[in-house]
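K.L.:
Structure for the following, please:
(chains A, B, C and D)
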There are 2 protein chains.
Amino acid sequence: MVGRFVETLELYGRLSDADREAVAALPGAVRRFEAGEDIVSEGDAPSQCRLLLSGLAFRHKTLRDGRRQIMSFHVPGEICDLEGLLLAMDHSVTALSRADVSFIPHAAMEALLDGHPQVAKALWRTELVENAVAREWMVGMGRRSAYARIAHLFCEMYARLRAIGLVEGARCWFPITQTHLSDALGLSVVHTNRVLQALRGEGLLSFRGGMLTVHDWQGLKAAGEFDASYLHLKADPV
Amino acid sequence: MVGRFVETLELYGRLSDADREAVAALPGAVRRFEAGEDIVSEGDAPSQCRLLLSGLAFRHKTLRDGRRQIMSFHVPGEICDLEGLLLAMDHSVTALSRADVSFIPHAAMEALLDGHPQVAKALWRTELVENAVAREWMVGMGRRSAYARIAHLFCEMYARLRAIGLVEGARCWFPITQTHLSDALGLSVVHTNRVLQALRGEGLLSFRGGMLTVHDWQGLKAAGEFDASYLHLKADPV
DNA sequence: CTCGCAGTTTAACCTATGTTGGCCTTTGAA
DNA sequence: TTCAAAGGCCAACATAGGTTAAACTGCGAG
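P.N.:
The predicted structure follows:
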């Protein structure tokens, strides 16, 4: 069971029919996770790759005293513990919403990568893009105001969800709480709430009950100093 | 010319004699960079891998208004544009000190990776560790005080330089200005200076003229909430 | 229904860190 | 030797964002 995986790979590289078939033939047992459940935990040395079929997930580290930093989000079609192929997990990945996850044995994945160099390239490219995203977050946390950071995150998720067809009209399902948002951006919940109201007040977006609507994409991009090139997507939405 | 590259790879994977020889046989033209010179620039689509032979380098993004975020440091033996194998650069890498860099043609690198899977694994592991480092920086910028962040960075660089034999006694050459430090940690120079003085005042370290001396490793680790496991090194220094 | 919980919103107050601007020190080029 | 530039340091003041605590809202479970 491989869900949107092929499409995601094709965002980042051209595949032959044989490549596509090999990917589609990947074995994988599916398991459902509820929101808040760990998909992989810090310290695990996985023996399968966990592929997100549906729902969202986030990587995070939690310090002893409870402070938490969310380091990235995963959308359907992405493997959320690719590094587990070579390294033990130094952080956890948790389901943000209910999520279905396919467990692909490392042996099967390695065989695929050995036999299909184009697939391997595309997969490493997804990994590299994930790092590019991480770097962009660093810029935000180090050098942008809370206002710009929040706007930027919404831009990013909107662009990514749009790239995989999960935006309809100007709306997408992004079931994140203000607490998650704060932990992703290094802010307090109170301040996140203040800024969110400003963003809404300016008519840039609305965000209620997990549904994000972008009312003014240009305005939101400007507020977030957003430039999609770091996502290395084929086309910038609008 | 391949410098410490073999040793760096062996920090992250076991190589056969044949692997080692193949790495050592890599072609590469050497070029010297002065401090502040770009080794690769944003927008480049490299056709060689740039391997640091000596000196330090840093990755960074610079926003239009001059705000800058440093996203990582590179030590000798590391390739500073590995992602250039698959993607265009979305940021620049600049020499922190005078640095010698070997330019290895992508074709040669690809041939090596195809023919020597253990080398490929080790190399990807270095890349994954670099991401782990980036994630740890995110935790710092989002959730740690300036004091802890600065201590943490010194811990990290000390541990990394130690791992490659560049620490003597408790001293290492880390020729960074307070401006660089600020840009790496998302702080103002003034505040960096304040905190540095606190760190010195508490006898944890001294840092003058590019020379870092750690006086109290345990104390510094505690101040930075530092736990080296994210570096995935074979052994924690002391 | 209604209880309880998770999430959101407010308000009052606080502090870590930023800003500005000036001076001091070191270094290295002329 | 002296000068300029880069880096370091310092003080006064400003503010973005944190903290605490309490109320409000919506919703699923029983």
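
K.L.:
what residue is smack in the middle of chain A?
P.N.:
residue A:74 (2.5 Å; CA atoms, centre = their mean).

K.L.:
And that residue, its phi and psi?
P.N.:
phi -120, psi 140 (degrees, to the nearest 10).

K.L.:
okay, it: pLDDT?
P.N.:
pLDDT for residue A:74: 98.

K.L.:
Go ahead and confirm it touches residue A:54.
P.N.:
No - applying CB atoms under 8 Å, one finds residue A:74 not in contact with residue A:54, separated by 11.4 Å. Backbone N, C-alpha and C define where each C-beta goes, glycine included.

K.L.:
Leaving out chain neighbours, which residue sits closest to residue A:32?
P.N.:
residue A:100 (5.3 Å; CB to CB, 6 or more residues apart in numbering or on different chains).

K.L.:
would you say the one you found is within a helix?
P.N.:
No - if the criterion is DSSP: H, G, I helix; E, B strand; the rest coil, then residue A:100 is strand and not within a helix.

K.L.:
just how off-centre is the biggest helix by length in chain A within its chain?
P.N.:
Scanning chain A for the longest helix, with DSSP state H as the assignment, gives helix A:117-143. Here helix A:117-143 is found 11 Å from its chain centre; the criterion is CA atoms, centre = their mean, to the nearest Å.

K.L.:
for stretch A:199-207, same thing?
P.N.:
Relative to its parent chain, stretch A:199-207 has a centroid offset of 23 Å by CA atoms, centre = their mean.

K.L.:
name the element residue A:190 belongs to?
P.N.:
helix A:189-201 (DSSP states H and E).

K.L.:
can you list the residues of chain A near DNA strand D?
P.N.:
A:145-147, A:186-188, A:190-191, A:209 (CB under 7 Å from any atom of the strand).

K.L.:
can you give me the helices for chain A?
P.N.:
A:5-12, A:17-24, A:106-115, A:117-143, A:146-163, A:178-185, A:189-201, A:217-224.

K.L.:
Check which residues of the fourth one are buried.
P.N.:
This means helix A:117-143. In terms of neighbour count (16 or more other CB atoms under 10 Å in any protein chain shown), helix A:117-143 has its buried residues at A:119-143.

K.L.:
Provide a list of residue ranges in chain A with pLDDT below threshold.
P.N.:
A:235-238 (pLDDT under 70).

K.L.:
Show me how it divides into domains.
P.N.:
A:5-128, A:145-231 (automatic domain parsing).

K.L.:
Please see if the shortest one touches chain B.
P.N.:
Yes - using CB under 8 Å from any CB of the partner chain, domain A:145-231 reaches chain B at A:183, A:185-186, A:225, A:229-230.

K.L.:
and the residue nearest to residue A:103 when sequence neighbours are not counted, how many neighbours?
P.N.:
Computed as CB to CB, 6+ apart, the closest residue to residue A:103 that is not its neighbour in sequence is residue A:48, at 4.1 Å. Neighbourhood size, residue A:48 [other CB atoms under 10 Å in any protein chain shown]: 21.

K.L.:
thought residue A:48 was touching residue A:105?
P.N.:
Yes - under the criterion of CB under 8 Å, residue A:48 makes contact with residue A:105 at 5.3 Å.

K.L.:
for the residue nearest to residue A:32, what are its contacts?
P.N.:
Applying CB atoms under 8 Å, 6 or more residues apart in numbering or on different chains to residue A:100 gives the contacts A:3, A:30-33, A:52-55.

K.L.:
Show me which of these are buried.
P.N.:
A:3, A:33, A:52-55.

K.L.:
TSV please, covering the residues you listed and showing distance to residue A:203.
P.N.:
As requested, the buried ones among the contacts of residue A:100 are arranged in TSV below (distance: CB to CB, whole Å):
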residue	distance to residue A:203
A:3	36
A:33	36
A:52	33
A:53	35
A:54	32
A:55	30
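
K.L.:
Spatially, which pair of the residues you listed is furthest apart? Let me know, please.
P.N.:
The distance between the two most remote of those (CB to CB) is 14.3 Å, for A:3 and A:33.

K.L.:
ok, back up a step: next, see if the longest helix of chain A gets close to DNA strand C.
P.N.:
No - figure legend: helix A:117-143 not in contact with DNA strand C (CB under 7 Å from any atom of the strand); closest approach 8.3 Å.

K.L.:
hmm, that helix touching chain B?
P.N.:
Yes - interface with chain B: helix A:117-143 contributes A:117, A:121, A:124-125, A:127-132, A:134-139, A:141-143 (CB under 8 Å from any CB).

K.L.:
How about the residues of chain A by DNA strand C?
P.N.:
A:177-179, A:189-190, A:193-194, A:196-197.

K.L.:
Need the buried ones from the residues you listed selected in PyMOL.
P.N.:
A single PyMOL command selects the buried members of the residues of chain A next to DNA strand C (16+ other CB under 10 Å):
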select buried, chain A and resi 178+196
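
K.L.:
contacting residues around the nearest residue to residue A:16 once chain neighbours are set aside?
P.N.:
Spatial nearest neighbour of residue A:16, excluding adjacent residues (CB to CB, 6+ apart): residue A:118 at 6.7 Å. Neighbour list for residue A:118: A:13-16, A:19 [criterion: CB under 8 Å, 6+ apart].

K.L.:
Same list (these) but as CSV, adding neighbour count and distance to residue B:88.
P.N.:
Output for the contacts of residue A:118, formatted as CSV (neighbours: other CB atoms under 10 Å in any protein chain shown; distance: CB to CB, whole Å):
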residue, neighbour count, distance to residue B:88
A:13, 17, 14
A:14, 10, 17
A:15, 19, 21
A:16, 11, 24
A:19, 22, 23
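
K.L.:
Of those, which is the nearest to residue A:39?
P.N.:
residue A:13 (25.3 Å).

K.L.:
Find the nearest non-adjacent residue to the closest one, please.
P.N.:
Once flanking residues are discounted, residue A:13 sits nearest to residue A:122: 3.3 Å by CB to CB, 6+ apart.

K.L.:
And residue A:172, by the same measure?
P.N.:
Nearest to residue A:172 is residue A:161, by CB to CB, 6+ apart, at 4.5 Å.

K.L.:
Contacts only, for that neighbour.
P.N.:
A:75, A:167, A:172-174 are the contacts of residue A:161 under CB under 8 Å, 6+ apart.

K.L.:
again, but for residue A:223
P.N.:
A:147-148, A:151, A:199, A:202, A:204.

K.L.:
most surrounded residue in the residues you listed?
P.N.:
residue A:151 (27 neighbours).

K.L.:
where's the residue nearest to it when sequence neighbours are not counted relative to chain B, distance?
P.N.:
In space, and not counting its chain neighbours, residue A:151 is closest to residue A:224: 3.3 Å by CB to CB, 6+ apart. Applying CB to the nearest CB, to the nearest Å, the value for residue A:224 to chain B is 12 Å.

K.L.:
Am I right that residue A:224 is in contact with residue A:157?
P.N.:
No - counting by CB under 8 Å, residue A:157 is not a contact partner of residue A:224; they are 11.1 Å apart.

K.L.:
okay, these two: which has more neighbours?
P.N.:
Applying other CB under 10 Å to residue A:224 and residue A:157 shows that residue A:224 carries more neighbours, namely 22 against 19.

K.L.:
how about the more buried one, what does it touch?
P.N.:
Residue A:224 makes contact with A:148-155, according to CB under 8 Å, 6+ apart.

K.L.:
Good, we can wrap up now.
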